[in-house]
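> test case, fold it:
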Amino acid sequence: MTDPSKKSEFIVLAGDIGGTHTRLGLFTAGKKRPRLKAEETFLSETAKGLEEIIARFLGKHETDIAGACFGIAGPVEKDRTKTTNLPWEVVGGNIRKHFGFAHVHLINDVAATIRTVPLLTHKELFMLNRGKRVKDGVIGLVAPGTGLGQALMVWVDGRGVAMATEGGHADFAPGNEREWDLWRYLHERYGHVSVERVVSGPGLYHIYGWLKETTGYEEPSWLSEQLKESDPPKVVAKAALDEIDPLCSDALTLFVSLLGGVCGNLALTGLTLGGLYLGGGIPPKILSALKKDVFMNAFTDKGRFRDLVARIPVHVILNDKAALLGAADCAVSNS
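A predicted model of the protein is given here:
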């Protein structure tokens, strides 16, 4: 372990590896949190593996690296992971040998994100529910993006310890007849219906597709063109936020309600009296929808435990580099 007083002399490599994008950055150890020196984002599908992208990045940013940590979308077991939404197998030992790094750590990307919660400033958070935070209470994170990540943080001897989960692949539990209809629609097509199947970017588009098919809605030609030319979930979300298509608006409203329910479930499962946070790429982009009563109504709709859940603070993480920052914090701490 490096002398902590000398950590500012070292540069670490951090990565946030998702199903769509891979973001790499070089950091030094700052006074309160790692400080970003250089960063680049790559399309994950353009590479056969993580090593290829690291080589591209280091080809542009040659430097001595004290250690590295990569937050990866998928379960990490014994220094390796098979990414959930990419055909990659990542092995920390292979990366260490290939590039000659002294230390390489692999962690779940949502676990990397939750590491940043104690490091974030008020300006990097948007409050959805003030609540009353319990000091050293468990913290929860729900992060919808290409997939759906969930994580918890517990406190041990005053230090936050991130706990990765794969709760996004738990069963989707319909709460009313309308949601049962959605479940049946997805079950016919995919078999097992996970929470991620509905509360994610692709999930929003699944909801829109179900509504279109079951209501007989005639999709406007301009929307059809945009759905062909651009990323469908983004198109649906934008049309809903701009209030220019009623079916898109309906889809986003249901999505927000389901997201609220998922967040409330994690709040109960982890008893997250330290706060519940929304991360990932989607929440900051749909803040105007999250601010409406739909989200918090679903969050607190927990029967006899409504009052307990209502006391839990809820925030959206606005820093889009949170997972990268968390990986850098891990790299600095272990170098």
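
> can you count the residues close to the residue nearest to residue 10 when sequence neighbours are not counted?
Spatial nearest neighbour of residue 10, excluding adjacent residues (CB to CB, 6 or more residues apart in numbering): residue 66 at 3.7 Å. C-beta here means a position set from N, CA and C on the backbone, and glycine is covered the same way. Residue 66 is flanked by 22 other residues according to other CB atoms under 10 Å.

> from what I see, residue 102 and residue 335 are in contact.
Yes. Using CB atoms under 8 Å, residue 102 makes contact with residue 335 at a distance of 7.1 Å.

> what touches both of these two?
Each of 66, 67 lies in contact with both residue 102 and residue 335 under the rule CB atoms under 8 Å, 6 or more residues apart in numbering.

> the two: who's more crowded?
Using other CB under 10 Å as the criterion, residue 102 and residue 335 rank with residue 335 on top: 21 against 14.

> contact partners for the nearest residue to that one once chain neighbours are set aside?
Spatial nearest neighbour of residue 335, chain neighbours left out: residue 67 (3.4 Å); criterion: CB to CB, 6+ apart. Shown here is residue 67, whose contacts under the criterion CB under 8 Å, 6+ apart are 10, 12, 13, 101, 102, 103, 104, 105, 331, 332, 334, 335.

> list just the nearest of those residues to residue 119.
Closest approach to residue 119 among the contacts of residue 67 (CB to CB): residue 332, at 11.3 Å.

> I'd like the distance between the residue nearest to that closest one when sequence neighbours are not counted and residue 335.
Leaving aside its chain neighbours, residue 332 sits nearest to residue 29 (4.7 Å; criterion: CB to CB, 6+ apart). For residue 29, the distance to residue 335 (CB to CB, to the nearest Å) stands at 8 Å.

> where along the stretch 201-335 of the chain do the helices fall?
According to DSSP state H, counting those that start in this stretch, the stretch 201-335 of the chain carries its helices in the segments 201-215, 221-229, 232-241, 246-270, 287-290, 293-300, 306-310, 322-333.

> packing partners of the shortest one?
If I follow you right, that is helix 287-290. If contacts are counted by 3 or more CB pairs under 8 Å, 6 or more residues apart in numbering; DSSP states H and E, helix 287-290 sits against helix 232-241, helix 246-270.

> report pLDDT for residue 8.
According to the prediction, residue 8 has pLDDT 45.

> which residue packs closest to residue 126, ignoring adjacent ones?
Spatial nearest neighbour of residue 126, chain neighbours left out: residue 316 (4.3 Å); criterion: CB to CB, 6+ apart.

> wait, the one you found touches residue 287, no?
Yes. Contact between residue 316 and residue 287 holds when scored by CB under 8 Å: they sit 6.5 Å apart.

> now do the shared contacts for those two.
Common neighbours of residue 316 and residue 287, counting by CB under 8 Å, 6+ apart, are residue 126.

> those two: which is more packed in?
It is residue 316, of residue 316 and residue 287, that has more neighbours when counted by other CB under 10 Å, with 20 against 14.

> what about the more buried one, distance to residue 127?
Remark: distance between residue 316 and residue 127 (CB to CB) = 8 Å.

> mind checking the end-to-end distance for stretch 76-89?
One end of stretch 76-89 sits 10 Å from the other (CA to CA, to the nearest Å).

> what sits up against the helix or strand bottoming out on mean pLDDT in the chain?
Here the helix or strand of the chain ranked lowest by mean pLDDT, DSSP states H and E is strand 80-82, holding a mean of 91. Contact with strand 80-82 is made by 72, 74, 75, 88, 89, 90, 91, 92, 106, as judged by CB under 8 Å, 6+ apart.

> shouldn't the residue nearest to residue 332 be in contact with residue 10?
Yes. With contact defined as CB under 8 Å, residue 29 and residue 10 form a contacting pair (6.8 Å).

> against residue 249, how distant is residue 62?
Distance from residue 62 to residue 249, by CB to CB: 50 Å.

> ok, these two, which is more surrounded?
residue 249 (17 against 7).

> tell me what the residue nearest to residue 126 is bridged to.
Beta-bridge pairing of residue 316 under DSSP bridges involves residue 126, residue 278.

> which residues does it contact?
Residue 316 touches 125, 126, 128, 277, 278, 283, 284, 287, 290, counting by CB under 8 Å, 6+ apart.

> output these in TSV, with pLDDT and distance to residue 242 appended to each entry.
Output for those, formatted as TSV (pLDDT from 0 to 100; distance: CB to CB, whole Å):
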residue	pLDDT	distance to residue 242
125	98	26
126	98	20
128	98	22
277	98	27
278	98	22
283	98	18
284	97	17
287	98	14
290	98	16
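
> farthest pair in those?
Farthest pair in these, by CB to CB: 277 and 287, 13.9 Å.

> check what pLDDT the residue nearest to residue 335 gets.
Listed pLDDT for residue 67 reads 95.

> quick revisit: filter the contacts of residue 67 down to the buried ones, ChimeraX style.
The following ChimeraX line selects those of the contacts of residue 67 that are buried, judged by 16 or more other CB atoms under 10 Å:
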select :10,12,13,101,103,104,105,331,332,334,335
